[in-house]
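Peer 1: Test case, fold it:
(2 chains)
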Number of protein chains: 2
Amino acid sequence: MSPSASTPEGGSEASVSLREVGEFHLIDRVTTGRSQPDTTLLGPGDDSAVVAAPDGRVVACTDVLVEGVHFRLDWSSPDQVGRKAAAANLADVAAMGAVPTSLLVGLACPSTTPAAQLEELADGMWAEAATVGAGLVGGDLTSGPVIVVTVTALGSLQGREAVLRSGARPGDRVAVCGRLGWSAAGLAVLGRGFRSPAALVNAHRVPEPPYSAGPAAADAGATAMIDVSDGLLADLAHVARASGVALRLRSRAFTVPARLSEIGSALGLDPLRWMLTGGEDHALAATFPADTPLPAEWAEIGVVEAVDDAGPVVTVDGRPYDGEAGWVHFAKF
Amino acid sequence: MSPSASTPEGGSEASVSLREVGEFHLIDRVTTGRSQPDTTLLGPGDDSAVVAAPDGRVVACTDVLVEGVHFRLDWSSPDQVGRKAAAANLADVAAMGAVPTSLLVGLACPSTTPAAQLEELADGMWAEAATVGAGLVGGDLTSGPVIVVTVTALGSLQGREAVLRSGARPGDRVAVCGRLGWSAAGLAVLGRGFRSPAALVNAHRVPEPPYSAGPAAADAGATAMIDVSDGLLADLAHVARASGVALRLRSRAFTVPARLSEIGSALGLDPLRWMLTGGEDHALAATFPADTPLPAEWAEIGVVEAVDDAGPVVTVDGRPYDGEAGWVHFAKF
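Peer 2: Sure, this is the predicted structure:
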C-alpha cells in the first residue's frame, strides 16, 4: 500500500473518527473474516485467545511504539506503522530461533483518530504477520492522548533450544543477516525534508527482517543471537556482556551497499556509521562455532575472543568505535 | 503497601527521575533477583522470554491502562496501578478456565517520571502475579507523554477445554463469583473527594478477582464464562450475543453487601445499580447446566432462556435494566 493511501482525499470515510464509528464496529472490521493460521485455536472475541504451543513452550516478547517518539504519521502511513510495530516483535521471536505464531495488540489513541487510520494500521499488522504465517489473535483498544501501539508476539521453537545472548564463546565467528543502516539512512533523508531515495525512506518506514534466518541460524548451531533493533554495536554489546566475551569486528568485512554510499556522499555522512550504529532494520546478529558453515544469507563480520582488561567489549578494527553506539528509547527487558 | 508509600517525603530518592537513573539500571532493579515460577523457562533479559505451555496450548490476552483514563496517581499509588493492571489481565486468563503463568509489560512514560514510581508499579505487578503463581517474564520501557501500561498475560488451561462466551444454552443457570459494585462505589466516593470507606476505595484501587474460581468453574462444567470488567450487564450482554440466548436475572438473587448499602444511602445512590453496571471488580460470571452443583463461592443470579423477539438480551426481573449498562473505554478484542 502506498503512503498516500493513509490520507485519502475527498472521501467522507476518511474523516469519520473512532468515536463516530464506535469501537466495537471498528474491532469487527479489523478482526472479522480474517484468515487465521492453524496455530490460532481461538482468535479474537473472547476474554483471551488460545494459541498452539506444539512443543510445550511459547516464546513471548513485547514492544511499544509511541507516536512522535517511534513514528510520525506525516512520515509513515498507518499501514507502515502497523507493519513496523509487528516487525519489531516478530524479529524478536526470530532472534530466539523461533517461528512467530501470533500477535496481540494494545492500542491507545485519541477518540478523534480517523477510523480509517486505525483500520489501515491493523491491516499493516495483519500483512506483516502474514509474511511469517502468524495471526492477530487479540487486543485492547482504549483512549489516550497519542497513539501508543504495544505489540506482543508469541512464537514456537518447534523443538529447538532457544538461542540466547549469553552463548557466544571465544573462537566463534560473528555474523549478520539482513539490512544494516538502511533505516538510519532513510531517517537521515526524511529528517532533511526529502522523500527519496524511496528504497531508503521505505526501509525506515517498514523494516524487512530476515525472519527465517533466525530458525535457520539455530538449526545451524548458532551459539548466541540478537535482533539488531538499537544498532549493531549497541546490540552486540548486549551479547558481549551476557556472554562475557569480546567481539572483534573488521570494518572491511562490511560491504557498504551502493545506495548507502550514494546517499552518504550526498549528505556528507559516513555510510559505515549507519551500518554500525543505525537501529530499526531488525537484522539478526549471531555467533557460530568456527567450524560450522554459515547458513545462507549470513555474512561473517568478526570473531569472538576471550575478554582482556577492557572487559566484554565490541571493537571495530581493534578499537572501540568512536561514534554513538546506537540509540535507545529506554530499553527492553 | 499503603498509598502514602508512593509519595515518600524528604527522601532524595523519590525525586530521581527515570532519565537520571537510566533505563537499564531501572530494569535491573525491577527484574534482578526476583523469584520466577517453574513455568518461566527463560525470564527477562533476552530478545524474548520462553514460558512453559505444558498442554501444548497457551492462553493470551492484552489490556491497556492509560494515566488519566484508567487511573489517577493522586487517587492510586503506583503499586496499586501495577496490581490493577496485572489483575485485569490475570482475570481474563481465569475467565477462560486457565491458570496464569506469566506477564509481559509494555510501559510508556515521561522520562521525568520518578524512578521510584516505576519501581513501585513493577512491585505491584510482581505482587499481583505472585498471588496466582505467575512471573513477570519480559517487557519494554519507552518514553511517552503519559504513563501507558500495557500488560499481556499468558496462561495454561492444564488440559481443560477453554470456556468461551458462546457456550450458554437455554436451561443453564447464570452465576457470579467475586465482588460486584465495590469498585464503582469506591470510584463514586473518590469522585466526591472522600478517601473512605477504605474498603470501597481500595476495592477501586486494587480489584480482588476470584482467580481460582475460573478453573474451578471450568472443572465444574461451566458452559460459558466472562470476566466482569465493564459491568455485569454489559459483560453478560457479550455472553448473550455470543451464545444466542437471553439471560434472565432476578434482582432478589443479589445480596447487597452492607458496605454498599451504607454508602449508597449516604450518597443517595442505588447500590444495586453499582452491582449491575459497575466495572473493574473483575468478578467472574458464568453459566452452568441446570443439574450441575455450583462450585464453592459461586452464587446463582438467573437463568438462560431461548431468545424471543427481543433477541439475545439480558433482563433484570423480566425487563431491560433502565440504567447505563456499564462503561467502556473503547473495547477488548
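Peer 1: Can you name the element that comes right after the helix or strand where A:Cys61 lies?
Peer 2: In this assignment (DSSP states H and E), A:Cys61 forms part of strand A:57-66. Under the assignment DSSP H and E, the closest C-terminal helix or strand after strand A:57-66 is helix A:78-94.
Peer 1: picking up where we left off before, now the strand holding A:Cys61: how far from the chain's centre is it?
Peer 2: 11 Å (Cα atoms, centre = their mean, to the nearest Å).
Peer 1: ok, the residue nearest to the spatial centre of chain A - contacts?
Peer 2: Centroid-nearest residue in chain A, with Cα atoms, centre = their mean: A:Ala88, separated by 2.6 Å. Residues in contact with A:Ala88 (Cβ atoms under 8 Å, 6 or more residues apart in numbering or on different chains) are A:Asp63, A:Leu65, A:Val151, A:Pro207, A:Ser229, A:Glu280, A:His282. Every residue, glycine included, has its C-beta placed from N, CA and C.
Peer 1: And chain B, is stretch A:49-60 touching that?
Peer 2: Yes - Stretch A:49-60 is in contact with chain B by Cβ under 8 Å from any Cβ of the partner chain, via A:Ala49, A:Val50, A:Val51, A:Ala52, A:Ala53, A:Pro54, A:Asp55, A:Gly56, A:Arg57, A:Val58, A:Val59, A:Ala60.
Peer 1: list the contacts for the closest residue to chain B within the stretch 151-300 of chain A?
Peer 2: Proximity of the stretch 151-300 of chain A to chain B (Cβ to the nearest Cβ) peaks at A:Thr152, 4.2 Å away. Contacts for A:Thr152 (Cβ under 8 Å, 6+ apart) come out as A:60-62, A:89, A:103-106, B:60, B:62, B:104, B:106, B:152.
Peer 1: Direction included, what does the host helix or strand of it pair against?
Peer 2: If you go by DSSP H and E, A:Thr152 is part of strand A:148-156. Here strand A:148-156 has these sheet partners by DSSP bridges: strand A:57-66 (antiparallel), strand A:99-109 (antiparallel).
Peer 1: Ok, which of those comes nearest B:His238?
Peer 2: strand A:99-109 (18.5 Å; Cβ to Cβ).
Peer 1: In terms of residue numbering, what are the domains of chain A?
Peer 2: A:18-156, A:173-316 (automatic domain parsing).
Peer 1: mind checking the end-to-end distance for the longest one?
Peer 2: Taking Cα to Cα, to the nearest Å, domain A:173-316 runs 14 Å from one end to the other.
Peer 1: likewise stretch A:154-174?
Peer 2: End-to-end distance (Cα to Cα), stretch A:154-174: 27 Å.
Peer 1: Name the residues of it that are buried.
Peer 2: Judged by neighbour count using 16 or more other Cβ atoms under 10 Å in any protein chain shown, the buried positions of stretch A:154-174 are A:154-157, A:160, A:162-168, A:172-174.
Peer 1: repeat for stretch A:304-314
Peer 2: For stretch A:304-314, by 16+ other Cβ under 10 Å, it's A:Val304, A:Pro312, A:Val313, A:Val314.
Peer 1: And for stretch A:265-276?
Peer 2: Buried, per 16+ other Cβ under 10 Å, within stretch A:265-276: A:Pro271, A:Leu272, A:Arg273, A:Trp274, A:Met275, A:Leu276.
Peer 1: Make CSV out of those residues and add distance to chain B and pLDDT.
Peer 2: Listed next are the buried residues of stretch A:265-276 as CSV, based on distance: Cβ to the nearest Cβ, whole Å; pLDDT from 0 to 100:
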residue, distance to chain B, pLDDT
A:Pro271, 26, 95
A:Leu272, 25, 95
A:Arg273, 23, 94
A:Trp274, 22, 95
A:Met275, 20, 97
A:Leu276, 20, 96
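Peer 1: Could you save those as a markdown table and add columns showing secondary structure?
Peer 2: Output for the buried residues of stretch A:265-276, formatted as a markdown table (DSSP: H, G, I helix; E, B strand; the rest coil):
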| residue | secondary structure |
| --- | --- |
| A:Pro271 | helix |
| A:Leu272 | helix |
| A:Arg273 | helix |
| A:Trp274 | helix |
| A:Met275 | helix |
| A:Leu276 | helix |
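Peer 1: Output the residue ranges of the strands in chain A, listed in chain order.
Peer 2: A:40-42, A:49-52, A:57-66, A:99-109, A:135-143, A:148-156, A:173-177, A:224-228, A:245-249, A:283-288, A:299-306, A:314-316, A:331-332 (DSSP state E).
Peer 1: Now do the third one against strand A:224-228, angle only.
Peer 2: It stands for strand A:57-66. Angle of strand A:57-66 versus strand A:224-228, following axes from the mean of the first three to the mean of the last three Cα atoms, to 10 degrees, is 30 degrees.
Peer 1: As CSV, could you dump the C-alpha coordinates of strand A:57-66?
Peer 2: C-alpha atoms of strand A:57-66 as CSV (Å, rounded to 0.1, in the frame of the first residue of the first chain):
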residue,chain,number,x,y,z
ARG,A,57,6.8,-23.9,25.2
VAL,A,58,5.9,-20.5,24.0
VAL,A,59,8.3,-17.6,23.1
ALA,A,60,6.9,-14.2,24.0
CYS,A,61,8.0,-10.6,23.7
THR,A,62,6.6,-7.1,23.9
ASP,A,63,7.5,-3.8,22.2
VAL,A,64,5.9,-0.4,22.5
LEU,A,65,5.8,2.2,19.7
VAL,A,66,4.7,5.8,20.6
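Peer 1: what angle sits between it and helix A:78-94?
Peer 2: 140 degrees.
Peer 1: Test my guess that A:Val105 contacts A:Thr142.
Peer 2: No - using Cβ atoms under 8 Å, A:Val105 makes no contact with A:Thr142, being 11.5 Å away.
Peer 1: the more surrounded of the two?
Peer 2: A:Val105 (28 against 24; other Cβ atoms under 10 Å in any protein chain shown).
Peer 1: Identify the bridge partners of that one.
Peer 2: A:Gly139, A:Val151.
Peer 1: mind listing what it touches?
Peer 2: A:Val105 touches A:Ala85, A:Ala122, A:Met125, A:Leu136, A:Gly138, A:Gly139, A:Asp140, A:Val149, A:Thr150, A:Val151, A:Thr152, B:Thr62, counting by Cβ under 8 Å, 6+ apart.
Peer 1: Could I get the contacting residues of A:Arg205?
Peer 2: So A:Arg205 contacts A:Pro3, A:Trp75, A:Ser76, A:Ser77, A:Gln80, A:Lys84, A:Gly186 (Cβ under 8 Å, 6+ apart).
Peer 1: do A:Leu232 as well
Peer 2: Neighbours of A:Leu232 in contact, by Cβ under 8 Å, 6+ apart: A:Val176, A:Leu180, A:Met275, A:Leu276, A:Thr277, A:Gly278, A:Ala283, A:Ala285, A:Gly326.
Peer 1: Buried ones among the residues you listed?
Peer 2: A:Val176, A:Leu180, A:Met275, A:Leu276, A:Thr277, A:Gly278, A:Ala283, A:Ala285, A:Gly326.
Peer 1: Redo the strands paired with strand A:148-156 as TSV? Include mean pLDDT.
Peer 2: Formatted as TSV, the strands paired with strand A:148-156 follow (pLDDT from 0 to 100):
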stretch	mean pLDDT
strand A:57-66	97
strand A:99-109	97
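Peer 1: can I get those strands in TSV with distance to A:Glu297?
Peer 2: Formatted as TSV, the strands paired with strand A:148-156 follow (distance: least, Cβ to Cβ, whole Å):
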stretch	distance to A:Glu297
strand A:57-66	22
strand A:99-109	17
